[in-house]
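Enquirer: With the sequence up front, the predicted model follows.
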Amino acid sequence: MGGFDFDTVIKRENTASVKWEQVKQVFGQEDVLPMWVADMDFNPPHQVAEAIRKRLDHEIFGYSFIPDSTGEAIQNWLRSRHGWEINPAWIAYCTGVVPAISTAIQAFTEPGDKVLLQSPVYHPFFHMVEKNGRVVANSPLILEDGRYEIDWEQFEARLKEGAKLYLNCNPHNPGGRVWEKDELVKMADLCAQYGCLFLSDEIHSDLVYKPYVHTPIASLGEKYRDMTITCIAPTKTFNLAGLKASAVIIPNPKLRKSFQDVQAVNGTAALNTFGIIGMEAAYRYGASWLEELLQYLAENIEVAAHFIKERLPVISDMKTEGTYLMWLDCRGFHLTEEELKERLWKKAKLGVEIGSKFGPGGEGFIRMNIACPRETLMDGLSRLEKAFS
Ligand SMILES: Cc1ncc(COP(=O)(O)O)c(C=O)c1O
């Protein structure tokens with residue numbers, strides 16, 4: 001391993017950590033090992049805390065604006081990591097990707113409109129549609145040889161039925177798929193044909209393992225640029241969820257104005273002082289840290305996949321192309337949702353997500369967050385074995 005330490009187990013108690021300190025509420029008991037909510041048990045690149053500490057020393061925390069340097073850091077990041085040339089003027093800032101999705105739903109659809117998604121998928125996609133009084137139009141993914149594929153007939157049918165906005169998750173949480181260029185183009189072409197806007201949630205886009213490559217749909221030419229809303233954030237990449245900062249890239253000025261008008265109405269365009277500083281430092285200085293993180297995560301995935309293959313062969317192998325979330329197909333055990341909870345949460349005290357939370361198609365799966373030191377991972381894997389023994 002290189003210069004960064006991902007092996008040391010860092011205690012996260014007494015930091016008001018959702019992942020570690022809300023296990024009692026979520027799993028019903030105290031001593032559960034949390035491998036659920038998507039944050040990592042690693043320190044971020046040290047430059048983040050250094051930049052925040054420097055600002056902290058000033059002690060006056062008045063209203064902050066987002067300086068040009070932040071947009072430039074994001075522009076450079078997207079160019080060097082993903083070959084996508086953006087203009088910083090295209091960025092609308094938001095306190096997270098979930099609030100950005102909600103804002104987009106309000107800006108680009110009317111109550112009662114249909115919003116297209118593909119289950120199983122990150123559960124707030126459903127909630128944001130429904131809580132905004134819109135209707136979920138679901139085109140479930142198809143599982144073929146442990147890999148999710150798009151059901152093109154269903155996808156087009158939902159568009160024909162009038163979906164106004166499509167929520168794409170790339171890379172896909174929880175399925176771990178990194179959508180290929182051809183798939184993205186075909187989806188976007190169909191959306192364009194039926195007048196549906198394309199929202200690309202790319203919050204996991206920096207967490208992609210070789211040989212897979214992330215393609216920002218908006219980087220593929222003017223047609224795609226003009227119909228897309230792309231959400232990125234330092235949240236997953238650099239483990240900064242608590243800083244609540246995201247960037248919503250909307251090249252089309254009309255769409256951007258609609259989005260920002262909703263933000264103005266709700267008073268949600270400003271970011272927290274530390275969110276701005278942390279986001280900029282991460283994108284500016286985090287590249288070498290990320291390279292090593294990706295190596296560590298890839299090894300964790302390999303270790304876990306090997307363990308499961310050897311000790312728990314009933315669980316089918318799903319390839320994790322991107323994200324640090326492993327989606328484990330436990331349908332071979334023929335257990336109900338309640339039985340899965342009983343075995344995993346109660347018997348083995350392993351805090352993993354039960355797949356049905358991610359909508360139709362998630363039943364019988366579990367989602368395990370492997371972004372932790374190897375020691376913690378091994379503890380989690382032996383609990384997994386215990387659950388099914
Ligand atoms: C696909 C996806 N989008 C959004 C989020 C959360 O975004 P935020 O915390 O910025 O609202 C997550 C977190 O797990 C996610 O997996």
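Expert: Yep, that arrived. Numbering: from 1, shown residues only.

Enquirer: contacting residues around the residue in the chain positioned nearest to the ligand?
Expert: Closest to the ligand within the chain is residue 96: 2.8 Å, counting by Cβ to the nearest ligand atom. Where C-beta positions appear, they are placed from N, C-alpha and C, glycine not excepted. Residue 96 sits next to 233, 235, 244, 245, 246 when contact means Cβ atoms under 8 Å, 6 or more residues apart in numbering.

Enquirer: now do residue 383
Expert: By Cβ under 8 Å, 6+ apart, the neighbours of residue 383 are 33, 344, 348, 349, 350.

Enquirer: what's the helix or strand for it?
Expert: Assessed by DSSP states H and E, residue 383 sits inside helix 374-387.

Enquirer: Quick check: buried residues in that helix?
Expert: Judged by neighbour count using 16 or more other Cβ atoms under 10 Å, the buried positions of helix 374-387 are 376, 377, 379, 380, 381, 383, 384, 385, 387.

Enquirer: so how far is that helix from its chain's centroid?
Expert: For helix 374-387, the separation from the chain centroid amounts to 23 Å (computed by Cα atoms, centre = their mean, to the nearest Å).

Enquirer: Next, give me the two most distant ones among the contacts of residue 383.
Expert: Farthest-apart pair in these is 33 and 344; separation 10.4 Å (Cβ to Cβ).

Enquirer: want to try CSV for the contacts of residue 96, with secondary structure as columns?
Expert: Shown next, in CSV, are the contacts of residue 96 (DSSP: H, G, I helix; E, B strand; the rest coil):
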residue, secondary structure
233, coil
235, helix
244, coil
245, coil
246, strand
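
Enquirer: out of the residues you listed, who's near the ligand?
Expert: Contacts with the ligand within those, as defined by Cβ under 6 Å from any ligand atom: 233, 235, 246.

Enquirer: Select from those the one having the most neighbours.
Expert: The member of those surrounded by the most neighbours (other Cβ atoms under 10 Å) is residue 233, with 29 neighbours in all.

Enquirer: shouldn't that one be in contact with residue 243?
Expert: No - with contacts counted by Cβ atoms under 8 Å, residue 233 stays clear of residue 243, the gap being 9.2 Å.

Enquirer: In three-state terms, how would residue 104 be classified?
Expert: Assigned with three-state DSSP, residue 104 falls in the helix class.

Enquirer: Hmm, it is touching residue 259, no?
Expert: Yes - with contacts counted by Cβ under 8 Å, residue 104 reaches residue 259, the gap being 6.4 Å.

Enquirer: what touches both of the two?
Expert: Both residue 104 and residue 259 are contacted by 229, 248, under the criterion Cβ under 8 Å, 6+ apart.

Enquirer: Tell me the residues of the protein that contact the ligand?
Expert: Checking the chain against the ligand by Cβ under 6 Å from any ligand atom, the hits are 38, 96-98, 122, 169, 173, 201, 203, 233, 235, 241, 246.

Enquirer: Just confirm residue 283 is within a helix.
Expert: Yes - counting by three-state DSSP, residue 283 is found in a helix.

Enquirer: count of residues packed around it?
Expert: 25.

Enquirer: repeat for residue 165
Expert: Other residues lying near residue 165 total 24 when counted by other Cβ under 10 Å.

Enquirer: for the one 3 residues further on, same thing?
Expert: Burial measure for residue 168: 24 neighbouring residues, criterion other Cβ under 10 Å.

Enquirer: Extract the CA atoms of the helix or strand where it lies and return them as PDB.
Expert: In the assignment (DSSP H and E), residue 168 maps to strand 165-169. Taking Å, rounded to 0.1, in the frame of the first residue of the first chain, the C-alpha atoms of strand 165-169 are listed here in PDB:
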ATOM      1  CA  LEU A 165     -38.300  13.000 -16.100                       C
ATOM      2  CA  TYR A 166     -36.000  10.000 -15.900                       C
ATOM      3  CA  LEU A 167     -33.900   9.300 -12.800                       C
ATOM      4  CA  ASN A 168     -30.800   7.400 -13.900                       C
ATOM      5  CA  CYS A 169     -28.300   6.100 -11.300                       C
END
